[in-house]
Structures are given as structure tokens and as C-alpha cells.
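Q: sequence first, then the predicted structure:
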Amino acid sequence: MSNKNIDKETILALKDGIELLSGKWKFCILHNLQKHGTMRFKDLQEMAQGISPKVLSNELQELEDNLLISRTVNDTKPVTVSYSLTAYAKETEEVANALIKFGLKHRDKIKAK
């Protein structure tokens, strides 16, 4: 395999990862589920201050479609829905922690400017 193919594959993999986790809320949702375990829709909305129900619903659907979270409809009255991380999603933890570390460092640099 030539270096051009390796570079092309690397770029495609990077684009896939960015597309999968892009958006203002996906990492926030994943982080909250990682930190708190299974959560209901309303709890996730409260933790992600500023997210509308429609946007949260869309983000959760995308995460579920991409096998990062699982959705469970609970047989309660009224019916409640809960979300949890899949084993596959736990692989995003290292990425999220690196992003948090970088974000904190960046905030310090900007404040010191």
C-alpha cells in the first residue's frame, strides 16, 4: 500500500469520526451517560442546559443509529424512556477526555492572553 493510500484512509477515518461525533451536544450526551449511567430523556435535557427537546431527540436518534447508545422504553405509567451507553460507546471515553483536557488548556491560554 502506498503512502497516498494510507493518507487517504487516514483522512477518511478522521472525517468519519468527526461526522459521527460532530455537533454541539453529542459529546455532552455521551459524557453525561458515561458519568451518570442510564438516564431518562428529561434528565439528559436538564444536564445539557440549553438544548431543546427536538434537538436532543435528534441527537439521541443519531447516537442510537450509530450504535453508541441504547434506548429502552420502560413499561411504566406514564411510559418513560431511558438511554444508556453501549459497550462500543465506551471507546469514545478517551477521545472525550482528551477533548476536555484540550478545552481546559485552551481556556487557560485565552484567559492569560
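A: That came in fine, so what should we check first?
Q: right, and residue 80 touches residue 40 too?
A: Yes - applying C-beta atoms under 8 Å as the test, residue 80 and residue 40 come out as touching, 5.7 Å apart. (Glycine included, C-beta is placed from N, CA and C.)
Q: so where's this structure uncertain?
A: By pLDDT under 70, the low-scoring segments of the chain are 1-5.
Q: mind jotting down where the helices sit in it?
A: For the chain, the helices defined by DSSP state H cover 3-21, 26-36, 41-47, 53-65, 93-112.
Q: most tightly surrounded among those?
A: Mean neighbour count (mean count of other C-beta atoms under 10 Å) peaks for helix 26-36 among these, with a mean of 18.
Q: tabulate the helices of the chain in JSON lines, adding columns for distance to residue 71.
A: Below are the helices of the chain laid out as JSON lines (distance: least, C-beta to C-beta, whole Å):
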{"stretch": "helix 3-21", "distance to residue 71": "18"}
{"stretch": "helix 26-36", "distance to residue 71": "12"}
{"stretch": "helix 41-47", "distance to residue 71": "9"}
{"stretch": "helix 53-65", "distance to residue 71": "5"}
{"stretch": "helix 93-112", "distance to residue 71": "20"}
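Q: thought residue 53 was touching residue 45?
A: Yes - counting by C-beta under 8 Å, residue 53 sits close enough to residue 45 to count as a contact (6.4 Å).
Q: and residue 112, what does it touch?
A: Residues counted as contacts of residue 112 (C-beta atoms under 8 Å, 6 or more residues apart in numbering): none.
Q: measure it to residue 101 for me?
A: Separation of residue 112 from residue 101 (C-beta to C-beta, to the nearest Å): 17 Å.
Q: what of residue 93?
A: 12 Å.
Q: and what of residue 87?
A: Counting by C-beta to C-beta - residue 87 and residue 101 are separated by 24 Å.
Q: can you check residue 107 too?
A: For residue 107 relative to residue 101 (C-beta to C-beta), the value is 11 Å.
Q: what do you get for residue 70?
A: 28 Å.
Q: what do you get for residue 25?
A: Noted for residue 25: a distance of 20 Å to residue 101, by C-beta to C-beta.
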